[in-house]
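A.B. asks: can you look at this prediction? I've put the sequence above it.
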Amino acid sequence: MACDIQLKNAVIRYLKKIKERKLKERFVDLIYTTIADDPESGDAKTGDLSGIYTMGFRYQKTEYRVAYMISPPTTVIVLLAGSHEDFYTSLKRQL
């Protein structure tokens, strides 16, 4: 059963800025297929980021990440998407 996906405004803006179609497709596939089908399959964070999951992929030698929270019963809130560089710093600043 697929979960409902809610994107934060920062994620929407980031996805709109991506010019490479294949990279955008990878993000959309990760969010709306992989995460929506099994949100708990991501890496659960601990410490000051507890309750947040991340999942990523590699595209043209660059690591990309998506951070999200699971809001019971069937909603996933996507908090941040972007390259791995400074990803967790941006995530902590957003929280």
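C.D. replies: Noted; the coordinates are in hand. Numbering: from 1, shown residues only.
A.B. asks: hey, let's count contacts and neighbours off CA atoms from now on
C.D. replies: Noted.
A.B. asks: what are the boundaries of the strands in this protein?
C.D. replies: Here the chain has its strands, by DSSP state E, at 4-7, 43-44, 52-59, 62-71, 75-83.
A.B. asks: mind putting those into a markdown table with distance to K19, mean neighbour count and mean pLDDT?
C.D. replies: Shown next, in a markdown table, are these (distance: least, Cα to Cα, whole Å; neighbours: other Cα atoms under 10 Å; pLDDT from 0 to 100):
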| stretch | distance to K19 | mean neighbour count | mean pLDDT |
| --- | --- | --- | --- |
| strand 4-7 | 19 | 16 | 96 |
| strand 43-44 | 28 | 14 | 96 |
| strand 52-59 | 14 | 18 | 97 |
| strand 62-71 | 15 | 18 | 96 |
| strand 75-83 | 13 | 20 | 96 |
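A.B. asks: and the ones you listed: which comes nearest E25?
C.D. replies: Closest approach to E25 among those (Cα to Cα): strand 52-59, 11.1 Å.
A.B. asks: tell me which residues are up against the closest one.
C.D. replies: Defining contact as Cα atoms under 8 Å, 6 or more residues apart in numbering, one finds that strand 52-59 is touched by 23, 40, 42-45, 63-70.
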